[in-house]
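*Asks:* Everything below, folded, please.
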Amino acid sequence: MRISVFGLGYVGAVSCACLPELGHEVVGVDTNPLKVRMINDGQSPVVEEGINELIGAAVRAGKLRATADVEEAIRGSDVSLISVATPSNPNFTPNLSAVDGVIRSIGAAIRKKDSAHTIVLRSTVPPGTTEDRILPILEEAVGRKVGDRLSLVFNPEFLREGSSVKDFHHPPQTVIGSLDEAGYAALEQMYAGLPGPLVRTSCRVAESVKYLCNVFHAMKIVFANEAGSVLKACGLDGREVMRIFCQDTQLNISPAYLRPGFAFGGSCLPKEVKGFLTLARDRDVPIPALQGLLDSNAAHIERAYDMIARDGRRKVALFGLAFKPGTDDMRDSPLVTLAERLIGKGFELSLYDSFVKISRLLGKNKEFIDREIPHLDRLLHESPEAALEGAQVVVIGHADPAARAAIIARAPQLRIVDLSGYADVRAAKAAEYEGICW
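*Replies:* The predicted structure is shown next:
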C-alpha cells in the first residue's frame with residue numbers, strides 16, 4: 001500500500017519505521033523541516049531502541065521518504081495516518097487545533113484527486129470526536145461524503161516508549177473503528193501479517209478503548225504503589241507480595257471483575273477493603289486512591305437509586321437480593337442497600353430472589369437481614385409473577401431464566417432498570433430500558 005504519515009513525533013516516527021517492513025511505501029509529512037530532513041537522511045527524529053536502523057534501511061530501500069508538501073503526500077498515497085499532538089488545554093480537555101488543521105489540509109488535497117482515499121486518525125481524542133468533529137470538517141474540505149471514495153477511521157495506537165517497535169509488530173489486538181466498509185478493508189490490508197485479532201468496532205468505542213487503557217495502566221501503577229507502601233510499613237517487601245499476586249491469571253490479572261455492572265458486596269470484599277484501609281491508617285500511610293474505593297462503591301449504588309427514582313415513587317419490583325446469583329448470602333449486599341434506600345424513601349417495593357428463602361436463613365446472614373430489612377417476609381415473594389404484580393418499574397440485580405422470562409413477558413408494560421446486562425432482557429421490547437453502565 002501507499003501510506004502517508006502526518007506528524008513525525010513518536011507515533012508517526014514508529015509508523016514510518018515499521019510499516020515499510022510490512023511491504024508498504026511510506027511518506028512522512030511534517031511542518032518541521034528538521035524532522036523531514038532527518039527522515040530523508042535515514043535518521044529517526046525520536047530516540048527509541050532499534051528505530052534508527054529501521055528508518056535507515058527503509059530509506060535505502062526506497063520504501064520511505066519525507067516531505068512538508070501535503071498535496072505531494074496525498075497524490076502519492078491512498079491511506080493517510082494522522083498522528084499529530086493533542087496536548088491538554090488548561091481545563092485538561094485535549095487541544096485539537098492541530099488535528100483540525102491537518103484534516104483541512106488533507107481534505108483540500110483529496111478534493112483534487114479522483115481516486116479513493118482513507119484517513120486514519122491515531123491521535124488520542126475524546127469519544128465522539130471522529131464522527132462529531134472530524135467528519136464534518138473532512139467532508140466540507142473534500143467536497144464529498146464519506147462512502148464516496150472517502151473513508152474515515154479511528155485506529156488507536158498502544159505503543160509504549162522504550163518498546164514501541166516490539167509493540168508494533170506484536171500487538172495483543174488491532175482496534176479499528178470505521179465509518180464505512182472500505183475503511184475496515186483498508187486497515188485490514190495495511191496490518192496484514194501482524195499477530196493478534198483485528199477488532200472491528202465503532203469509532204466511538206475505539207476512541208474510548210484508547211482512553212480507558214491508559215487510565216487503567218495509571219490505576220494499576222497507583223494500586224501497586226499504594227499497596228506496596230502499606231506492606232512496607234508492615235515490614236514486608238511489596239515486590240514479593242505483588243509477584244505472587246500477579247501469578248493468579250484466573251482472577252487478578254484477567255478479565256475477571258472487569259465487566260461494568262452493579263456495586264461490589266458480600267462477606268469478603270467490603271470487609272477486606274476496610275481492613276486494609278485500617279492497616280494503612282494505623283501506620284500513617286496515606287493511600288488516597290484505595291481510600292476512595294468504598295466511597296466510589298456507595299456512589300454507584302446511589303447512581304442506581306437515582307435511575308429508579310427519576311420518575312417519582314412508582315411501584316418497584318427488585319429482582320435479586322443476595323450479593324451475587326446462586327447464593328442466599330445477603331451480608332453487605334449492595335442490592336440490600338438499594339432496597340433499604342428505596343424503602344426509606346417511601347417506595348412500594350416487592351422483592352424476588354429464587355435462592356433466598358426466609359425459613360432457611362441462618363446465623364450471621366439472618367442477623368444481618370433482620371437488622372437491615374426486618375420486614376423482609378412481607379416484601380419477598382415466592383414467584384417472579386407475584387413480585388411483578390402491579391409493578392411499574394423492574395430493577396434487575398440478578399435473575400434466573402424463569403424470572404427473566406416472566407419479566408420479558410410483561411416488558412411492554414414495564415420500565416426496566418438493568419444492573420447486570422442480560423442480553424435477553426435488553427432485547428425485549430420494554431416500554432423503557434436502561435442499563436446502569438450502558
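*Asks:* counting contacts, what elements does the lowest-mean-pLDDT helix or strand in the chain pack onto?
*Replies:* For the chain, counting by mean pLDDT, DSSP states H and E, helix 363-372 ranks last in confidence among helices and strands (a mean of 84). Under the contact definition 3 or more C-beta pairs under 8 Å, 6 or more residues apart in numbering; DSSP states H and E, helix 363-372 sits against helix 334-344. Bear in mind the C-beta positions are built from the backbone N, C-alpha and C, glycine included.
*Asks:* contact partners of the next helix or strand after the helix it packs on?
*Replies:* Using DSSP states H and E, the next helix or strand after helix 334-344 towards the C-terminus is strand 349-352. Residues outside strand 349-352 that contact it (C-beta atoms under 8 Å, 6 or more residues apart in numbering) are 315-321, 339, 342-343, 376, 379-381, 383-384, 386-389, 391, 399, 403.
*Asks:* Could you pull out the buried residues of strand 349-352?
*Replies:* Residues of strand 349-352 classed as buried by neighbour count (16 or more other C-beta atoms under 10 Å): 349-352.
*Asks:* Can you give me the neighbour number for Lys210?
*Replies:* Residue neighbour count, defined by other C-beta atoms under 10 Å, stands at 21 for Lys210.
*Asks:* contacting residues for it?
*Replies:* Taking C-beta under 8 Å, 6+ apart, we find Lys210 in contact with 124, 156-158, 175.
*Asks:* From Phe216, how far out is it?
*Replies:* 11 Å (C-beta to C-beta, to the nearest Å).
*Asks:* about what we covered before: narrow the contacts of strand 349-352 to those that are buried.
*Replies:* For the contacts of strand 349-352, buried by 16+ other C-beta under 10 Å: 316-321, 339, 342-343, 376, 379-381, 384, 387-388, 391, 399, 403.
*Asks:* can you tell me which of those residues are in strands?
*Replies:* 316-319 (DSSP state E).
*Asks:* what's the farthest-apart pair in these?
*Replies:* Val316 and Phe319 (10.3 Å; C-beta to C-beta).
*Asks:* Could you tell me which residues touch both of the two?
*Replies:* Taking C-beta under 8 Å, 6+ apart as the contact rule, Val316 and Phe319 both touch 394-395.
*Asks:* How is Val5 assigned, secondary-structure-wise?
*Replies:* strand (DSSP: H, G, I helix; E, B strand; the rest coil).
*Asks:* what's around it, how many residues?
*Replies:* By the measure other C-beta under 10 Å, the count of residues near Val5 is 29.
*Asks:* Show the contacting residues for it.
*Replies:* 12, 15-16, 19, 26-29, 80-81, 83.
*Asks:* Can you show me the helices along the stretch 251-400 of the chain?
*Replies:* Using DSSP state H, counting those that start in this stretch, the helices found in the stretch 251-400 of the chain span residues 269-282, 288-291, 293-309, 334-344, 363-372, 376-379, 384-388.
*Asks:* ok so Gly177 is a helix residue?
*Replies:* No - assigned with three-state DSSP, Gly177 falls outside any helix and is strand.
*Asks:* Burial check on the residue lying closest to it once chain neighbours are set aside, number of neighbours?
*Replies:* Nearest residue to Gly177 in three dimensions, chain neighbours excluded: Ala206, at 3.1 Å (C-beta to C-beta, 6 or more residues apart in numbering). For Ala206, the neighbour count with other C-beta under 10 Å is 22.
*Asks:* what about Ala206, distance to Ile119?
*Replies:* Distance from Ala206 to Ile119, counting by C-beta to C-beta: 14 Å.
*Asks:* do Phe245 as well
*Replies:* Counting by C-beta to C-beta, the separation of Phe245 from Ile119 is 43 Å.
*Asks:* Same check on Val336?
*Replies:* Going from Val336 to Ile119 by C-beta to C-beta gives 52 Å.
*Asks:* Please apply the same query to Leu231.
*Replies:* 49 Å.
*Asks:* Which one's more surrounded, these two?
*Replies:* Per other C-beta under 10 Å, whichever of Leu231 and Ile119 has more neighbours is Ile119, with 29 against 19.
*Asks:* can you give me phi and psi for Val26?
*Replies:* phi -130, psi 140 (degrees, to the nearest 10).
*Asks:* That one reaches Leu19, doesn't it?
*Replies:* Yes - counting by C-beta atoms under 8 Å, Val26 does reach Leu19; the two are 5.0 Å apart.
*Asks:* Would you mind telling me which of these two has more residues around it?
*Replies:* A direct count of neighbours by other C-beta under 10 Å for Val26 and Leu19 places Val26 higher, at 27 against 24.
*Asks:* Can you name the residues that contact that one?
*Replies:* Contacts for Val26 (C-beta under 8 Å, 6+ apart) come out as 3-5, 15-16, 19-20, 58, 63-65.
*Asks:* Kind regards, and thank you for your time.
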